[in-house]
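J.: The sequence and its predicted three-dimensional model are supplied below.
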Amino acid sequence: MILSAVLLALIAVQENPAADAPDAAPAAPSSARSVTADTLPKVVKIFGAGGLRGLPAYGTGFLISPRGHVATAFNHVLDASPNILVVLDDGRRLTCKLLAADPVSGLAVLEPERDDLDLPYFDPAAFAPAEAGDRVLAFSNSYKVAGGDEPVGVQRAVIGAVAELDARRGRNAAGIAGPVLILDAPTNNPGSAGGPVVDRAGLLVGVIGRELKNDATNVFVNYALPAEVIGATLTAMMEGEFVASDVAPPVFSGGPQPADLGALLVADVVRRTPAYVELVEPGSPADAAGLRPGDLIVLLDGELVPSIRLLRARLAAVEPGEPVDVVVRRDGELLPLTIAVPDVEDLREPPAELSRPRR
């Protein structure tokens, strides 16, 4: 709460028009404060699955309908559905379920159990196109600065560039198509993903993305997904008209597969078959790591894997010889495991599944 108050105070101090660039249009001294006051009631705190190493159990979102639909980032926190806790700006608590998600863009929409709400919200169709040099405000519950009716954190930033994102999460490519907004402030922290970015008029400009590192420099990237690109997606998700894309992250030929780790998955019979483990080969890397039949693989190197298809694609992008971190759901609990990936010369050729036992 103290951190949030300091951030708000800094915004008010920095709003002195004399400190602006000479060619900038003069702004009212209270404009940033007014925008902040108008935006905070539309921002929510999200609590769900997590709490393991490197996996915070909290996040950020924003309201996109008066009924209480919430736009946020698609991540492990939402694995708590249908019991995701959403805390409004005034401290009221809502129980929500995951309504729709897109692993490619990294977006998700939540729906509350209640249908009697009348809340302030952002209209995803009423966005502001963004350009390099635009001044914006980024809102988020980074580092869990708020848990009840405390305001989330606010950061003042400038859009440094609108460019393609060449980044990764862990050992996997980011898989984000199209340009993003590169920000000059440290906006992308634990718990920040899903927070709104608004312009000086309070219009939605973008959504803070998941934590990613620049593929060339290995430095975390501060960026947001442009609202003008994702607005239609959020609307379709909310209205039940969204169809998830099957586009997968880049895959290099000959990459590891579950069989190389000693794991047999259930038959991939539908487009989004969950990644359940059917068999673990004794003495294999998966066996040594503690993987067991019946486990549901939900995360690979911090990325959600909602289907066998995406698990195979993301695993194939892992460098042979490097360990891979997975999180499995077992008996209602999330368990972190680290599995050694064989060196390239030890990969099965051609890639193949383990044999299923005869019944």
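T.: Yes, it's here. Numbers count the residues shown, from 1 in each chain.

J.: make it CA atoms for all contacts and neighbour counts henceforth
T.: OK.

J.: Go ahead and flag the most central residue of the chain.
T.: Closest residue to the average C-alpha location of the chain: Ala73 at 3.5 Å, with CA atoms, centre = their mean.

J.: Which strand residues bridge that residue?
T.: Beta-bridge partners for Ala73, by DSSP bridges, are Leu107.

J.: How about Pro179?
T.: Going by DSSP bridges, Pro179 forms beta bridges with Glu164.

J.: Now do the contacts for it.
T.: Val162, Ala163, Glu164, Leu165, Leu225, Pro226 (CA atoms under 8 Å, 6 or more residues apart in numbering).

J.: Go again with 7 Å.
T.: For Pro179, the contact set (CA atoms under 7 Å, 6 or more residues apart in numbering) comprises Val162, Ala163, Glu164, Leu165.

J.: How much space separates it from Asn75?
T.: The gap separating Pro179 from Asn75 is 21 Å, by CA to CA, to the nearest Å.

J.: and what of Pro41?
T.: 23 Å.

J.: same thing with Leu99?
T.: Taking CA to CA, one finds Leu99 at 14 Å from Asn75.

J.: In the protein, where is pLDDT below threshold?
T.: Applying pLDDT under 70 to the chain flags residues 1-30, 51-54, 167-177, 215-216, 218, 244-254, 269-271, 344-359.

J.: Which parts of it belong to which domain?
T.: Here the domain parsing of the chain from automatic domain parsing is 2-238, 258-346.

J.: SS state for Val326?
T.: With DSSP: H, G, I helix; E, B strand; the rest coil as the basis, Val326 sits in strand.

J.: Who has more neighbours out of Leu99 and Asn75?
T.: Neighbours were tallied for Leu99 and for Asn75 using other CA atoms under 10 Å; the higher tally belongs to Asn75 (24 against 18).

J.: how about the more buried one, phi and psi?
T.: phi -150, psi -170 (degrees, to the nearest 10).

J.: cool, Arg312 as well?
T.: Residue torsions, per degrees, to the nearest 10, at Arg312 are phi -60, psi -40.

J.: Now do the contacts for it.
T.: Arg312 neighbours (CA under 7 Å, 6+ apart): Gln257.

J.: Shouldn't Ala32 be within a helix?
T.: Yes. Assessed by three-state DSSP, Ala32 belongs to a helix.

J.: How much space separates it from Val70?
T.: 24 Å.

J.: Tell me where the stretch 1-150 of the chain has helices.
T.: 2-14, 31-39 (DSSP state H, counting those that start in this stretch).

J.: all strands for the stretch 251-359 of the chain, in order.
T.: Assigned by DSSP state E, counting those that start in this stretch, the stretch 251-359 of the chain shows strands spanning 263-265, 277-280, 296-300, 303-304, 323-330, 333-340.

J.: before we move on, the earlier item: in JSON lines: the contacts of Pro179, plus distance to Gly290.
T.: Output for the contacts of Pro179, formatted as JSON lines (distance: CA to CA, whole Å):
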{"residue": "Val162", "distance to Gly290": "44"}
{"residue": "Ala163", "distance to Gly290": "42"}
{"residue": "Glu164", "distance to Gly290": "39"}
{"residue": "Leu165", "distance to Gly290": "35"}
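
J.: Same list, those, but as TSV with distance to Arg330 and neighbour count please.
T.: Listed next are those as TSV, based on distance: CA to CA, whole Å; neighbours: other CA atoms under 10 Å:
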residue	distance to Arg330	neighbour count
Val162	42	20
Ala163	41	13
Glu164	38	13
Leu165	35	21
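
J.: and these, which two are the farthest apart?
T.: Val162 and Leu165 (9.3 Å; CA to CA).

J.: Quick check: neighbours shared by the two?
T.: With CA under 7 Å, 6+ apart as the test, Val162 and Leu165 both reach Pro179, Val180.

J.: list the contacts for Ala57?
T.: Phe47, Gly48, Ala49, Gly50, Gly51, Val77.

J.: burial count for the nearest residue to it once chain neighbours are set aside?
T.: Ranked by CA to CA, 6 or more residues apart in numbering and with sequence neighbours excluded, the top spatial neighbour of Ala57 is Gly50, at 4.1 Å. When neighbours are counted by other CA under 10 Å, Gly50 registers 21.
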